[in-house]
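**Student:** requesting a structural model of the entry that follows:
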Amino acid sequence: MKKLLIAAAVAGSLASPMAHAQKIGLAMAQLDTFLTILKNGTLEAGKKAGANVQVEDAGNDVGKQLSQIQNLIAQKVDAIIVNPVDTDATPKITKMVTDAKIPLVYVNRKPVDFDKLPAGVAFVASDEKVSGTLETQEVCRLLKGKGDILVLMGELSNEAARTRTKDIEEVVATKDCSGMKIVDKREGAWDRTKAQDITTNWLSSGVKFDAIIANNDEMAIGAINALKAAKKWTPASIVAGIDATPDALASMKAGDLKVTVFQNAAGQGSGAVDAAIKLIKKQPVERFVNVPFELVTPANLAKYSGKN
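**Tutor:** Numbers count the residues shown, from 1 in each chain. Coordinates of the predicted model:
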């Protein structure tokens, strides 16, 4: 009997590291094309790390997301990764999660309280100051520094949309691009259909433009669809986006989309899991974990095929 007890104790001690797989809550703003790739990258990274990732989709409803995060806290998950619906709500989210002493990682969308994030909180994303800058500089090059621009903006409750739009404005204000002018800006809310409707309205109103710069690829594709439907599309038409989604790369390969910027969705997801696990283990993590943006044009398109 004594031998059996000792054997059971040894077996228990050997099994204990596996007895509690780390449980990570993933609160997603919504699951559009890009964010679905990010979610899948998070799930894959969690699987490789031996962690269970529980996904919650807020359907772009900030109240629903707050409720989902409260539920994750109540479940006593080991860490929470948040892709916020509304970045203005992040101070409340930060307080909720840190009060519960649960490690918190924001992913993809920068929290407004970034400069005040306490210990145990990290942000994994790409530097939005680079995204719109790379995109607009390439449009400027294609236009040789002169032309009228239309801008399709993401949801302005989102820090990325505000920063990407500011990037466009700052590039247009530079000496090399000072011949460019922003004729109009509209909020397309990251959505292909909304962007198509906005572009259709621009075309109906007779506004003149030389390029459309969108805060993401979905809106860029919507703009292209509108131009084609109105028979205003030509092979020389310039439409630019950001994210390098599969649909965007297919559009570029077809000769339609002229510019996009690779944002490594899967890389952000795996980076968020890595940061979460380090925080669970009380290991040091940078407040901002940068996953670099990269310009994509028809010239280097092949390099990015299948990456997002």
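
**Student:** can you give me the buried ones in stretch 274-291?
**Tutor:** Buried positions in stretch 274-291, judged by neighbour count with 16 or more other CB atoms under 10 Å: Asp274, Ala275, Ala276, Ile277, Lys278, Leu279, Ile280, Val285, Val289, Val291. (C-beta placed from N, C-alpha, C; glycine too.)

**Student:** OK, contacts around the fourth one?
**Tutor:** In this case it means Ile277. Contact analysis of Ile277 by CB atoms under 8 Å, 6 or more residues apart in numbering lists Gln22, Ile24, Ala49, Ala51, Ala79.

**Student:** now render those as TSV, adding pLDDT and distance to Trp233.
**Tutor:** Shown next, in TSV, are the contacts of Ile277 (pLDDT from 0 to 100; distance: CB to CB, whole Å):
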residue	pLDDT	distance to Trp233
Gln22	95	50
Ile24	98	44
Ala49	97	46
Ala51	97	46
Ala79	98	47
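
**Student:** how about those residues, which pair is most distant?
**Tutor:** With CB to CB as the measure, no two of the contacts of Ile277 lie farther apart than Ala49 and Ala79, at 11.3 Å.

**Student:** who has more neighbours, these two?
**Tutor:** Ranked by neighbour count (other CB atoms under 10 Å), Ala49 and Ala79 place Ala79 first, with 26 against 16.

**Student:** isn't the more buried one right up against Lys278?
**Tutor:** No - counting by CB atoms under 8 Å, Ala79 does not reach Lys278; the two are 9.6 Å apart.

**Student:** my guess is Ala195 meets Met153, correct?
**Tutor:** No - at 9.7 Å, Ala195 and Met153 do not qualify as touching, with contact defined as CB under 8 Å.

**Student:** between those two, which contacts overlap?
**Tutor:** Common neighbours of Ala195 and Met153, counting by CB under 8 Å, 6+ apart, are Gly188.

**Student:** these two: who's more crowded?
**Tutor:** The neighbour comparison of Ala195 against Met153 (other CB under 10 Å) goes to Ala195, with 31 against 24.

**Student:** in what helix or strand does that one lie?
**Tutor:** Element membership for Ala195 (DSSP states H and E) is helix 192-205.

**Student:** contacting residues around that helix?
**Tutor:** Helix 192-205 has contacts (CB under 8 Å, 6+ apart) with 150, 152, 184, 186, 188, 209, 212, 214, 218-223, 225-227, 229-230, 232.

**Student:** show me what the helix or strand that comes right after it is packed up against.
**Tutor:** The C-terminal neighbour of helix 192-205 among helices and strands, as given by DSSP H and E, is strand 211-214. Here strand 211-214 is seen to pack against helix 128-142, strand 146-153, helix 217-229, strand 239-240 when contacts are counted using 3 or more CB pairs under 8 Å, 6 or more residues apart in numbering; DSSP states H and E.
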